[in-house]
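Asks: Turn this into a structure:
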Amino acid sequence: MWEKIKLWTRVVVFGAMALYLLIVLTLNWGLVVEGKLRLMFTEFDHPRVLVVLLVTAVISIFGWWLFRTIFKTLRQFRSLRERSRTTKLEKEVAEMKAKAGMLQKKDTPAAPVTSPTPAISTPPPAAPDVSDL
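Replies: Residues are numbered from 1 along each chain as shown. From the prediction side, this is the model:
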């Protein structure tokens, strides 16, 4: 039941919009602009108001689309440059850490190995006997 109500509401709204558009078109069809309309490739003498409005709307929409596309592209380039810079800095930091680790291994002397058990002391060697000579 709600689907039928939604459907008929849409039909009535779009029908009213189409009727309004037809009324505006028929009332303004004969109106002309005094003077000339110069476009890039052509020139119109006394063009209709509706044609001028349509051409203006199309050019405006295209201009805004082009403007938006240019700024999106510039933003993407800036983002790409920033990501590239970040990646480069991360790589440099990793290389510096690796070099520091290698230098640290070379600079530190080997620690003496100590055994967990105490060393047994041995008596010094005996002095040679002088009488044997």
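
Asks: shaky segments in the protein?
Replies: Across the chain, the stretches falling below the confidence threshold (pLDDT under 70) are 107-133.

Asks: tell me how far the longest helix belonging to the chain is from the chain's mean position?
Replies: The longest helix of the chain (DSSP state H) is helix 49-107. On the basis of Cα atoms, centre = their mean, to the nearest Å, the separation between the geometric centre of helix 49-107 and that of its chain is 6 Å.

Asks: Can you tell me which helices and strands it packs against?
Replies: Helices and strands touching helix 49-107, by 3 or more Cβ pairs under 8 Å, 6 or more residues apart in numbering; DSSP states H and E, are helix 2-28. Backbone N, C-alpha and C define where each C-beta goes, glycine included.

Asks: Can you list the buried residues in the helix it packs on?
Replies: Taking 16 or more other Cβ atoms under 10 Å as the neighbour-count basis, helix 2-28 is seen to contain no buried residue.

Asks: So what's the gap between it and the chain middle?
Replies: 42 Å.

Asks: tilt between it and helix 49-107?
Replies: 120 degrees (axes from the mean of the first three to the mean of the last three Cα atoms, to 10 degrees).

Asks: Which SSE is immediately downstream of helix 2-28?
Replies: Per DSSP states H and E, helix 2-28 leads on to strand 36-38 as the next helix or strand towards the C-terminus.

Asks: Not counting its own residues, what contacts the very next helix or strand once past that next one?
Replies: Under the assignment DSSP H and E, the closest C-terminal helix or strand after strand 36-38 is strand 43-45. Applying Cβ atoms under 8 Å, 6 or more residues apart in numbering, the external contacts of strand 43-45 come out as 36-38, 51.

Asks: Now tabulate those in TSV and tack on distance to L66.
Replies: As requested, these are arranged in TSV below (distance: Cβ to Cβ, whole Å):
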residue	distance to L66
K36	26
L37	22
R38	21
V51	22
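
Asks: excluding its backbone neighbours, what's nearest E34?
Replies: H46 (6.8 Å; Cβ to Cβ, 6 or more residues apart in numbering).
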